[in-house]
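Peer 1: Pasting the sequence and the predicted model now:
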Amino acid sequence: MSSRNIAQGLARSCLKTSAARSWPRPRALPRPFSSPHSSSSYHSAASAPSPLAPSAFGHRPFARTFHTTHVARHFGIDRPEPGTGIKVHFRDHKGNLIKTVEANEGDDLLSIAHEYDIDLEGACEASMACSTCHVILDPEVYDQLPEPEDDENDMLDMAFGLTDTSRLGCQVRVTKAFDGMNVTLPAATRNMFVDGKKPARH
Ligand code: FES
């Protein structure tokens, strides 16, 4: 067979394939609602309602709706006007002041630290799957907080340098009663992520 004949043959088979894929495709008949064994159960193509046709009420009965869930905000807090917020003193493990910052009521310590570029990791981004946001609190602040839940206690058990007033920073929300609180960062953290991942602000 010459190369010209081969080319013509290929062109013919392509044409056949594209014809077989012509659009719109024939639509399948809707399934009958009565017994498929009864002769009256089969509809003609002309009388069968299309599953995509709008109903008498103007909506498509078989159309699926699209849902979205609320987008969680991670580390996306707003800074209060200077002089109006709750003061938080971040300290290193020796008690030296790293930075004093201001936060709004309800902000969590991890988000506050990230907002002000304080090196508190938060590898799991507040999903209680790590202990890298471990912080040590003043006893009087610790006593005012609700008891940690089991998940938090499980993660705290893995924290480096655990103390009686240790908490996960992502689970502690500040209130006006905590104004002037100290938050001490431990000397080290245990990051269970194999790549030592640290989350970026987003
Ligand atoms: Fe992982 Fe707080 S960031 S538990």
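Peer 2: Received it, and whenever you're ready, just let me know what you need.
Peer 1: what comes into contact with stretch 76-92?
Peer 2: Stretch 76-92 is contacted from outside by 97-105, 107, 109, 111-113, 115-116, 118, 120, 174-176, 178-185, 201-202, using CB atoms under 8 Å, 6 or more residues apart in numbering. (Each C-beta comes from the backbone N, C-alpha and C, glycine too.)
Peer 1: hmm, I was thinking of stretch 150-165
Peer 2: 93, 128-131, 134, 136-139, 141-142, 148, 166-168, 171, 186-190, 192.
Peer 1: Mind checking which of these land in strands?
Peer 2: Within these, residues falling in strands by DSSP state E are H134, I136, L137, S166, R167, L168.
Peer 1: ok, what's across the strand from the fourth one?
Peer 2: Right, the one you point to is S166. For S166, the beta-bridge partners are I136 (DSSP bridges).
Peer 1: so it makes contact with I136?
Peer 2: Yes. The pair S166 and I136 passes the contact test of CB atoms under 8 Å, sitting 5.5 Å apart.
Peer 1: any shared contact partners between these two?
Peer 2: Taking CB under 8 Å, 6+ apart as the contact rule, S166 and I136 both touch P186.
Peer 1: which residues of the chain fall in helices?
Peer 2: For the chain, helices defined by DSSP state H occupy the ranges 3-20, 109-115, 139-144, 150-156.
Peer 1: what pairs with D108 across the strands?
Peer 2: R173.
Peer 1: count of residues packed around it?
Peer 2: Burial measure for D108: 21 neighbouring residues, criterion other CB atoms under 10 Å.
Peer 1: what do you get for L120?
Peer 2: 24.
Peer 1: go on, E81?
Peer 2: 8.
Peer 1: Please apply the same query to Y142.
Peer 2: Other residues lying near Y142 total 16 when counted by other CB under 10 Å.
Peer 1: Quick check on the nearest residue to it once chain neighbours are set aside: phi, psi?
Peer 2: Nearest residue to Y142 in three dimensions, chain neighbours excluded: T165, at 4.1 Å (CB to CB, 6 or more residues apart in numbering). When quoted as degrees, to the nearest 10, the phi and psi of T165 stand at phi -120, psi 30.
Peer 1: And P148, how far from D78?
Peer 2: 27 Å (CB to CB, to the nearest Å).
Peer 1: Compare those two and say which is more crowded by neighbours.
Peer 2: Set P148 next to D78 and count neighbours by other CB under 10 Å: P148 wins out with 17 against 10.
Peer 1: Leaving out the residues flanking it, which one is nearest to the more buried one?
Peer 2: R167 (6.5 Å).
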